[in-house]
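Novice: Return a 3D structure for these sequence lines:
(chains A and B)
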Amino acid sequence: MEFDVGIFLQQIVNPSYLSGAFLSVAVAVLSLVLATVIGFVVALGRTSRSRVAQGAAGLYTWFFRAIPALLVLLIIWNALPQLFPVLRQEWFSPFIAAFIGLGVVEAAFMAEIIRSALLSVDEGQALAGRALGMSPAKVMLKVILPQAIRIALPPTGNEFIGLVKFSSLASVISLQELLTTAQVGVNITFRYAEYYAAAIVYYLIIVSLLTLVQSQVEKKFVWTSRTRSKKLPRPETAGQGVFS
Amino acid sequence: MSEANAPVSPVLSVRKLHKRYEDQHVLRGVEFDIHKGQVKAVLGPSGSGKSTMLRLMALLEPADDGEILLHGRRIGVRDGRAPGGLAVALPERELAKERRNIGMVFQKFNLFPHLSACRNVMLGLTSVKGIHHKDAEEQAMAMLASVGLSHRSGHFPSELSGGQQQRVAIARALVMNPDVLLFDEPTSALDPELVGEVLDVMESLANDGMTMIVVTHEVRFARRVADEVTLFDGGVIVEQAAPDEFFDNPQHERTRKFLSHVH
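Specialist: Have a look, this model is predicted:
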């Protein structure tokens, strides 16, 4: 059997690939958001002075770093509805199960990224903020976080790309994401090479776009006046571009 | 107030201040006062506890024992004294409010690297005093002008020289209109040729009547600008006198020895 370019191209423009790719990215985005929120709380716990908070945060990291994501997905999709009837209702879709499952696992890794980013900010920074009379929340929000985010961005980009690929695990709970789409096609046609090649192209496109977005975001965290002045037009020339 | 006829209390004072770090007894019952408009220079060898005293005064670290008073009112603890003599330290949120009246300038500047010079000066105004962005910007620009840095307002700390960074840091503390400004070795991290511009700013502040405590190794500055010079050693104040007395006629052997090393 030879590689049929026609079938390959047909699949590239096949809407079900597009919707599969969309589902993969959507699961990745939502689980990253969830992971960042939980991870931030866990990171605060791990850097906290309270023994209880330290212990709880340590337990979370230990547990979810140990359990395979695949197992977590199976537990959320199959075992939890068995224990909690509310999860047997219509709204509990594979999509929700997938993003929660991947999110709680990823949170354990994000917690470590966020923790090390918070710790990397110079101690004098919090000191200066406190000396100005800033409340602990303001010190975190206005002084520590903006600096920690810059440190956390590159590893978070890595995690995000990982999540796009991990979303393929959700095929076991019947989420029609990108890889499942390819697999379904293969099961009908046995055109392995063409269908998998189409999946490769989609993953390459997704990750390329993400890399592009990441480098754009990182540029916003370069703290020099030169990069800013390029972006922000001088007041006297502002607005000209709109009319010319 | 009913105390109108009472003698004016010092802007800031400490009484029997003690601080220990594990097995080190860094402050051993320090007594210190500064009155409105005074400039006090604090000298002493490294590790003598002078920087620790500043941090305790600025409520950045809790004292183990003793009192810190701002205008005669005890600060950093809940409502003066608790029964039994043991004071309860305020939670960080409450301490933050009391810190507004005390400005601090650090040895390593500690400017916020993600903010321009102007934003560095604005942050306290907007996020602590709740001043509107536009007004805060105006005040910050005026303050930067007073330290001679109008032309660098849009630059980030990484683009400024050490001397310029420290001048921004002074503006950042000053714009909050504190009752007293504490300097923790403000020129020790600077290249020698940049020390002068920072000392000049500090001297003009002193001439404007700012109340200042300056922990420093700059003996000449202490002599020229300070109203009183203090020698710290081993966690206690060894000698405290007017500059001429202190440098020309020190009363303590320890002071003579210290001065022979720095002169």
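Novice: rest of the way, CA atoms for contacts and neighbours
Specialist: Noted.
Novice: distance of residue A:175 from residue A:185?
Specialist: From residue A:175 across to residue A:185, the span is 15 Å (Cα to Cα, to the nearest Å).
Novice: of the two, who's got more company?
Specialist: More crowded of residue A:175 and residue A:185, by other Cα atoms under 10 Å in any protein chain shown: residue A:175, with 24 against 19.
Novice: Run through the residues that contact the closest residue to that one other than its chain neighbours.
Specialist: Nearest residue to residue A:175, sequence neighbours excluded (Cα to Cα, 6 or more residues apart in numbering or on different chains): residue A:94, at 5.4 Å. Applying Cα atoms under 8 Å, 6 or more residues apart in numbering or on different chains, we find residue A:94 in contact with A:77, A:170, A:173-175.
Novice: what's the closest of those residues to chain B?
Specialist: For the contacts of residue A:94, the closest approach to chain B (Cα to the nearest Cα) belongs to residue A:170, at 39.6 Å.
Novice: can I assume that closest one is in contact with residue A:72?
Specialist: No. In this structure residue A:170 lies outside contact range of residue A:72 using Cα atoms under 8 Å: 10.4 Å.
Novice: Show me what the one helix or strand residue A:159 maps to is in contact with.
Specialist: In this structure, residue A:159 is located in helix A:145-166 according to DSSP states H and E. Residues from elsewhere that reach helix A:145-166, judged by Cα under 8 Å, 6+ apart: A:24-25, A:27-29, A:31-32, A:102, A:110, A:113-114, A:117-118, A:120-121, A:207, A:210-211, A:214, A:218, A:221, B:113-114.
Novice: ditto for stretch A:197-207
Specialist: Taking Cα under 8 Å, 6+ apart as the rule, stretch A:197-207 contacts A:8-9, A:11-12, A:17, A:21, A:25, A:161, A:178-179, A:182.
Novice: Report the backbone C-alpha coordinates of it in CSV.
Specialist: Taking Å, rounded to 0.1, in the frame of the first residue of the first chain, the C-alpha atoms of stretch A:197-207 are listed here in CSV:
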residue,chain,number,x,y,z
ALA,A,197,0.2,12.1,9.0
ALA,A,198,-2.7,14.4,9.1
ALA,A,199,-2.6,14.2,13.0
ILE,A,200,1.1,15.1,12.9
VAL,A,201,0.4,18.1,10.8
TYR,A,202,-2.2,19.3,13.2
TYR,A,203,0.0,18.8,16.3
LEU,A,204,2.8,20.7,14.5
ILE,A,205,0.6,23.6,13.7
ILE,A,206,-0.8,23.8,17.2
VAL,A,207,2.6,23.7,18.9
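Novice: can you map out the helices along the stretch 1-150 of chain B?
Specialist: Ranges of helices in the stretch 1-150 of chain B, per DSSP state H, counting those that start in this stretch, are B:50-57, B:92-99, B:117-127, B:133-146.
Novice: Now do the strand or helix carrying residue B:257: which elements does it pack against?
Specialist: With secondary structure defined by DSSP H and E, residue B:257 is part of helix B:253-262. Applying 3 or more Cα pairs under 8 Å, 6 or more residues apart in numbering or on different chains; DSSP states H and E, one finds that helix B:253-262 makes contact with strand B:236-241.
Novice: Grab the most central residue of chain A for me.
Specialist: In chain A, the residue lying closest to the centroid (Cα atoms, centre = their mean) is residue A:32, at 2.9 Å.
Novice: check contacts around the closest residue to that residue other than its chain neighbours.
Specialist: Using Cα to Cα, 6+ apart and skipping the chain neighbours, the partner closest in space to residue A:32 is residue A:103 (6.1 Å). Residue A:103 makes contacts with A:30-35, as judged by Cα under 8 Å, 6+ apart.
Novice: ok, now residue B:102?
Specialist: For residue B:102, the contacting residues are A:131, B:58, B:178-182, by Cα under 8 Å, 6+ apart.
Novice: same thing but 7 Å
Specialist: By Cα atoms under 7 Å, 6 or more residues apart in numbering or on different chains, the contact set of residue B:102 is B:58, B:178-181.
Novice: got the residues of the stretch 51-200 of chain B near chain A?
Specialist: B:58, B:60, B:92-93, B:96-97, B:99-100, B:103-104, B:110, B:112-114, B:124, B:127-128, B:154-156, B:173 (Cα under 7 Å from any Cα of the partner chain).
Novice: Can you list phi and psi of whatever residue of chain A ends up closest to chain B for me?
Specialist: Per Cα to the nearest Cα, residue A:133 is where chain A lies closest to chain B, at 4.4 Å. Note on residue A:133: its backbone torsions stand at phi 100, psi 20 [degrees, to the nearest 10].
Novice: Was I right to think it contacts residue B:103?
Specialist: No. Taking Cα atoms under 7 Å as the definition, residue A:133 is not a contact partner of residue B:103, at 9.1 Å.
Novice: which of the two has more neighbours?
Specialist: With neighbours defined as other Cα under 10 Å, residue A:133 and residue B:103 compare such that residue A:133 has more, 30 against 25.
Novice: Identify the residues contacting the closest residue to that one other than its chain neighbours.
Specialist: Distances taken as Cα to Cα, 6+ apart place residue B:96 nearest to residue A:133, at 4.4 Å, with adjacent residues excluded. Residues in contact with residue B:96 (Cα under 7 Å, 6+ apart) are A:130, A:133-135.
Novice: If we use 6 Å, what do you get?
Specialist: Shown in contact with residue B:96 (Cα atoms under 6 Å, 6 or more residues apart in numbering or on different chains): A:133-135.
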